[in-house]
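# sequence? don't have it. structure:
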């Protein structure tokens, strides 16, 4: 019966995933939260927003490449326009000038590209420090990190500049944790089974991202 439930939830590794989830909760309590609280104490909200904008701007080439791979030429043009405008006028992206001009932000990654190409999501996996993902999205994350990220090409290609890639990854990680910590706390407070609620939330968010925000089929609302 338990195995059938795991398969129904597309979570065949659920016992291991729950164990990794507990490990991650321990790391979060002992290390991540103190770092984020310190970050918030030192950097005011407006400054953190600027850093978030800057990191999103650095990530624009990844979104642009995946826009092209998905055949989304119009969205690729929007990404390119946002990157040029925010870099040139928005002080390298610290200010989201493009949004004020009506060019909305969006993110794409190779996991979404694989989904558009018809690749199934594969089993759900929970990875300590990184959080929820699937086999497909995990592969996509690796490809983006090593193949479609120009910053990674540059830092590895120059040899002595490897620290740039690690500095970017560390900054992006702290920024992501800062942005998501409060919503995740709210989800935890409102759920009887936080693990299951997080798994469901992740799948819904990813499905919406893959559809580029378009309404899903009716069966999505029946789950």
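Ah, there it is. Since we're looking at a predicted model, the values are computed, not measured. Numbering: from 1, shown residues only.

# could I get the average pLDDT for the lengthiest helix in the chain?
If you go by DSSP state H, the chain has its longest helix at helix 162-190. The average of the pLDDT scores along helix 162-190 is 93.

# which residues in the chain form helices?
2-8, 14-27, 33-42, 45-58, 60-69, 73-88, 97-100, 110-116, 135-143, 150-157, 162-190, 194-210, 218-221.

# what's the most buried one of these?
For those, the largest average neighbour count (mean count of other Cβ atoms under 10 Å) is found in helix 110-116, namely a mean of 23. From N, CA and C alone the C-beta is placed, and that goes for glycine too.

# tell me what that helix is packed against?
helix 60-69, helix 135-143, helix 194-210 (3 or more Cβ pairs under 8 Å, 6 or more residues apart in numbering; DSSP states H and E).

# for residue 152, which of those helices is the nearest?
helix 60-69 (9.6 Å; Cβ to Cβ).

# taking helix 135-143 as reference, get the angle to the closest one.
Angle between the axes of helix 60-69 and helix 135-143 is 130 degrees (criterion: axes from the mean of the first three to the mean of the last three Cα atoms, to 10 degrees).

# angle of the longest helix of the chain against helix 194-210?
Using the same axes, to 10 degrees: helix 162-190 against helix 194-210 is 120 degrees.

# angle of helix 162-190 against helix 45-58?
Counting by the same axes, to 10 degrees, helix 162-190 lies at 120 degrees to helix 45-58.

# who does helix 162-190 touch, helix- and strand-wise?
helix 33-42, helix 45-58, helix 150-157, helix 194-210.

# pLDDT of the second one, averaged?
The average of the pLDDT scores along helix 45-58 is 97.

# how near is the nearest residue to residue 202 once chain neighbours are set aside to residue 198?
Using Cβ to Cβ, 6 or more residues apart in numbering and skipping the chain neighbours, the partner closest in space to residue 202 is residue 132 (4.1 Å). Here residue 132 is placed at a distance of 6 Å from residue 198 (Cβ to Cβ, to the nearest Å).

# quick one: distance of the longest helix of the chain to the chain centre.
Computed by Cα atoms, centre = their mean, to the nearest Å, the separation of helix 162-190 from the middle of its chain amounts to 9 Å.

# that one vs helix 14-27, what angle?
Using the same axes, to 10 degrees: helix 162-190 against helix 14-27 is 110 degrees.

# please look at residue 98 and residue 81 and confirm they touch.
Yes: using Cβ atoms under 8 Å, residue 98 is in contact with residue 81, at 6.7 Å.

# domain map for the protein?
10-42+110-214, 51-108 (automatic domain parsing).

# pick out the shakiest of these, pLDDT-wise.
Lowest mean pLDDT within the domains of the chain: domain 10-42+110-214, a mean of 93.

# now for the helices and strands packed on helix 110-116, which one comes closest to residue 41?
Closest among those, using Cβ to Cβ: helix 194-210, at 26.4 Å.
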